[in-house]
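> A structural model of the following input is requested.
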Amino acid sequence: MASLANKLAALLFFFAVSLRGQVGPAAESVPIRLDFSGPGMGTTFRIALYTTTEKKTLAATAVESAFLRLASLNATFSDYEPNSEINRLAATAPTPWTASRDLLALTTLSLKFASDTHGAFDPTIGQLSRLWRSTRQRQKLAPPDRLQKALSSFGWQSLLIRDSTLTVTQPGLLLDFGGVAKGYAADQMLATLKKNGFPIALVQAGGDTAAGDAPPSQSGWPITLLTEPNDPSPSIVTLANRSVSTSGDLHQFIELDGIRYSHIIDPKTGLGLTRRIACSVIAPDTTTSDALATAFCILGPEKGRSIAKKLGTTVRWTWQDEAGAQHQAWFNP
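Numbers count the residues shown, from 1 in each chain. Modelled structure (predicted):
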């Protein structure tokens with residue numbers, strides 16, 4: 001663990017410090033903002049927090065603990081690591097697996113999200129994910145027979161929970177928590193910071209943001225919701241002890257034979273979405289906003305509004321029609 005801590009401490013870098021008020025002993029109790037960042041789960045995690053000058057060292061230690069928490073979650077949920085817990089679970093099918101607390105907690109939530117969204121979110125699409133990953137690398141669609149095999153190798157109903165065990169009942173099924181693990185990690189990192197005495201904090205992981213207590217003299221943390229590069233009129237939301245996630249094809253997509261495919265896989269087709277759409281979800285926690293942002297991209301506003309109403313979540317969709325015109329729709333419960 002010591003070597004891991006040293007490695008993470010080296011990866012973390014302190015990239016901004018802002019002081020308010022005068023410099024000197026009188027400023028020791030004046031709030032300052034510290035910013036840190038480091039890699040994890042295939043993206044960059046960023047932490048901003050407010051503290052005082054005399055607690056800077058304690059803040060850095062708390063941030064290191066948060067990144068250690070991230071490392072432990074990556075060891076559980078990574079589908080890239082052969083020895084991750086989710087890959088070892090899949091390899092034991094159909095034998096029950098005594099799950100870690102994190103895997104049991106997130107699986108329980110994920111199956112609820114799958115049920116609530118009628119399968120638009122599904123943590124069992126690992127075969128499709130790997131096939132689509134290969135498609136993106138080779139820049140060529142998979143043969144129809146391979147796609148059909150992958151389409152027959154998933155289904156959230158095949159992942160069962162009993163007491164503290166998980167069982168994969170369908171041979172060949174692989175797990176993919178990529179649509180929810182970063183949000184869960186952001187929540188856990190924010191909780192770690194709060195536990196260590198730093199509740200005025202923000203954790204960002206790509207398009208997922210977990211906001212803690214509001215910064216000094218502010219009502220919350222301002223978060224910009226981007227859907228396109230150089231968006232001329234981005235939406236800005238102000239959050240405190242809330243979360244927001246944005247999903248879409250802004251950064252991750254490929255074009256094959258003139259068709260643009262998103263990195264978001266539609267479980268019905270097994271391919272990336274071809275509809276130009278992005279979705280932002282505001283929810284009490286980032287686990288929820290992360291999972292639902294993915295699902296609501298797949299569902300679109302037509303099918304998604306009724307589910308958003310049932311779940312009581314705020315959703316913003318932006319999309320392009322066939323003529324290239326941009327549209328936006330908000331749902332507020």
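> For the nearest residue to residue 132 once chain neighbours are set aside, which residues count as its bridge partners?
Distances taken as C-beta to C-beta, 6 or more residues apart in numbering place residue 265 nearest to residue 132, at 5.5 Å, with adjacent residues excluded. (C-beta placed from N, C-alpha, C; glycine too.) Counting by DSSP bridges, residue 265 forms beta bridges with residue 272.
> Tell me how far residue 265 lies from residue 242.
To residue 242, residue 265 is 28 Å away according to C-beta to C-beta, to the nearest Å.
> Can you report how many residues lie near residue 271?
Neighbour count for residue 271, taken as other C-beta atoms under 10 Å: 19.
> just residue 33 next, same as before
17.
> For it, give me phi and psi.
Main-chain torsions, residue 33, degrees, to the nearest 10: phi -100, psi 130.
> who does it bridge with?
residue 18, residue 50.
> surely it meets residue 215?
Yes: counting by C-beta atoms under 8 Å, residue 33 does reach residue 215; the two are 7.4 Å apart.
> Now the common contact residues for these two.
residue 50 (C-beta atoms under 8 Å, 6 or more residues apart in numbering).
> sorry, back to before: neighbour count for residue 265 and residue 242, which is higher?
Neighbour count, other C-beta under 10 Å: between residue 265 and residue 242, residue 265 has more, with 24 against 21.
> Would you agree the more buried one is in contact with residue 130?
No: at 10.6 Å, residue 265 does not count as touching residue 130 under the criterion of C-beta under 8 Å.
> ok, residue 66 - how many residues close by?
Counted with other C-beta under 10 Å, residue 66 comes out at 29.
> Let me see the backbone angles for it.
Per degrees, to the nearest 10, the backbone of residue 66 is at phi -70, psi -40.
> is it true that it touches residue 189?
Yes: judged on C-beta under 8 Å, residue 66 makes contact with residue 189 at a distance of 4.1 Å.
> Quickly list what's touching both of the two.
With C-beta under 8 Å, 6+ apart, residue 66 and residue 189 have common neighbours 47, 203.
> quick one, domains of the protein?
2-78+182-206, 242-333 (automatic domain parsing).
> how about these in JSON lines, adding mean pLDDT and distance to residue 233?
Converted to JSON lines, the domains of the chain look like this (pLDDT from 0 to 100; distance: least, C-beta to C-beta, whole Å):
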{"stretch": "domain 2-78+182-206", "mean pLDDT": "82", "distance to residue 233": "22"}
{"stretch": "domain 242-333", "mean pLDDT": "91", "distance to residue 233": "9"}
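> Could you dump the ones you listed into JSON lines with distance to residue 166 added?
Output for the domains of the chain, formatted as JSON lines (distance: least, C-beta to C-beta, whole Å):
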{"stretch": "domain 2-78+182-206", "distance to residue 166": "12"}
{"stretch": "domain 242-333", "distance to residue 166": "18"}
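> Please identify which of those domains is closest to residue 116.
Proximity to residue 116 (C-beta to C-beta) singles out domain 242-333 among the domains of the chain, at 6.2 Å.
> helix or strand for residue 203, which one?
Assigning secondary structure by DSSP states H and E places residue 203 in strand 201-205.
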